[in-house]
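Engineer: Based on what follows, work out the 3D shape:
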Amino acid sequence: MSANSGAIAPIEHSPVAGLAHDTRGGISNPVLGMILFITSEVMFFAGLFAAYFNIRAQTAEWPPAELAHVLQIFPLVGPATVLLISSSFTCQFAIWAIRRNDRTAFLRNIAVTFVLGIVFLILQAIDYTILYSEGMTLDAGPFGTTYFTLTGFHGAHVLGGVVMLGVVLYRGMAGQFSARHHDAVEATSLYWHFVDVVWILLFSTLYLLPGHGGA
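Structural biologist: Numbers count the residues shown, from 1 in each chain. Model (predicted):
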């Protein structure tokens, strides 16, 4: 019996036993929690988009003639969009790197993703300042209200994602992630990809969808 106990003990007290990425498989609690959270956020943004299109359909002229010139893709929004989409790739590169236990590539790509997220927020803030100087404000009728509501909530989600990326970067620099233990990284990447997809939909709706009415 003592020999059997000695053979079993290392398995029971193994430092990697019970980690989310062990051989048992399945979805870990952090990843499952993030999936459920993203599901609720999909419903939230679906409601915002539904409200936008409802208001748009009931408005004779969209955008209003006095504001038709303010939403410009260049020089800020277009580059900001490219940066945010690029950050989704670097975030995925980080996931692939930590899965193969390449911590150097993981930290490099997470750092780039973190910086790109910050730059996007800065460009959005600058664009808000320009829009305000052009008379585009939150109370500038339904057009201004819906624009700032949609982009503002998205910006808040990007800020939340940047904070999450910062925490992941800090923990990664502290050596807390490995190929067998990186659920926080997986959960953060899912959220960041969600944020990017939402922005692609917003950009297409607000900047590429033709208006109606007017002269």
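
Engineer: residues contacting Leu169?
Structural biologist: 107, 110-111, 114 (Cβ atoms under 8 Å, 6 or more residues apart in numbering). Quick note: C-beta positions are derived from backbone N, CA and C, even for glycine.

Engineer: tell me which element it is part of?
Structural biologist: Assigned by DSSP states H and E, Leu169 falls within helix 141-173.

Engineer: So which bits of that helix are buried?
Structural biologist: In terms of neighbour count (16 or more other Cβ atoms under 10 Å), helix 141-173 has its buried residues at 142-148, 150-151, 153-155, 157-159, 161-162, 164-165, 168-169, 172.

Engineer: For Pro63, what are phi and psi?
Structural biologist: With angles defined as degrees, to the nearest 10, Pro63 sits at phi -80, psi 170.

Engineer: Go through the helices and strands of the protein and name the one with the lowest mean pLDDT.
Structural biologist: helix 2-12 (a mean of 41; mean pLDDT, DSSP states H and E).

Engineer: can you give me the angle the helix or strand just after it makes with helix 141-173?
Structural biologist: With elements assigned by DSSP H and E, the helix or strand that comes after helix 2-12 is helix 29-58. Helix 29-58 runs at 160 degrees relative to helix 141-173, counting by axes from the mean of the first three to the mean of the last three Cα atoms, to 10 degrees.

Engineer: thinking again about what came up before, toward the C-terminus from the helix holding Leu169, list the very next helix or strand.
Structural biologist: Next helix or strand after helix 141-173 toward the C-terminus (DSSP H and E): helix 183-203.
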